[in-house]
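Chemist: task: produce atomic coordinates for the following.
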Amino acid sequence: MFSMSLGDDGAELRPLEPWRAGEFLAHMDRGREFIGQHIGLSDAVTDLASARAFLVGYAEKAIADTGRIYGTWLNGTLVGGVLFRVMDVERGNAEAGCWLEPAAAGRGLATRAARVIIDWAVEERGIHRVEWQVSAQNQPSISVARRLGMRRDGVLRESNPRRGGVRHDLEIWSVLAPEWRAARSTP
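Modeler: Sure, this is the predicted structure:
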């Protein structure tokens with residue numbers, strides 16, 4: 001098994017695989033309302049079967065080289081994750097995203113984990129453009145995009161249906177491989 005340290009605070013990045021469905025469901029139960037404010041993950045993962053199916057879907061994406069999912073652990077507890085919801089290696093495009101439960105928010109975990117996977121995508125997989133789609137009301141995730149050096153490309157007005165039929169504007173942020181490399185080489 002691989003595990004990558006995300007700093008000296010006990011944070012680690014690990015593959016989030018189907019055999020971790022119970023742990024994933026427990027994490028989702030702890031953060032369901034918080035996570036569900038802006039993304040549909042908490043609506044998709046509601047019981048052990050749906051947690052496993054969600055992770056199997058990402059295992060299949062990994063096999064097809066069209067997506068990846070990783071968990072963020074803090075002191076041995078799954079508290080969030082990062083993913084490539086979509087990856088088109090042939091065209092050099094990927095869409096990254098993240099989530100955290102409330103107890104893990106505000107520690108920089110999402111930014112640190114996203115840096116690892118974006119660096120891998122750019123340097124190892126040859127991805128040219130990494131996109132970040134975020135509800136315009138999700139200021140913490142917008143802050144992550146900014147810390148990652150992304151630029152706001154635009155807004156898709158009321159394109160993100162959420163709970164109760166409320167529609168949110170969806171902001172599109174991105175970073176290109178040359179921008180990513182330049183930012184990494186700047187102290």
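
Chemist: which residues in this structure form strands?
Modeler: Listed in chain order, the strands of the chain (DSSP state E) span residues 4-5, 11-15, 68-74, 77-88, 93-100, 129-135, 151-161, 167-176.

Chemist: tell me what the longest one is packed against?
Modeler: Based on contacts counted as 3 or more C-beta pairs under 8 Å, 6 or more residues apart in numbering; DSSP states H and E, the elements that strand 77-88 packs against are helix 21-36, strand 68-74, strand 93-100, helix 109-123. C-beta: built from backbone N, CA, C; applies to glycine.

Chemist: could those go into TSV alongside mean pLDDT and mean neighbour count?
Modeler: Shown next, in TSV, are the helices and strands packed on strand 77-88 (pLDDT from 0 to 100; neighbours: other C-beta atoms under 10 Å):
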stretch	mean pLDDT	mean neighbour count
helix 21-36	95	18
strand 68-74	97	23
strand 93-100	97	23
helix 109-123	96	20
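
Chemist: what's the separation between residue 137 and residue 167?
Modeler: In this view, residue 137 and residue 167 are 11 Å apart by C-beta to C-beta, to the nearest Å.

Chemist: who's more crowded, the two?
Modeler: residue 137 (15 against 11; other C-beta atoms under 10 Å).

Chemist: quick one: residues contacting the more buried one.
Modeler: Neighbouring residues of residue 137 by C-beta atoms under 8 Å, 6 or more residues apart in numbering: 38, 168-169.
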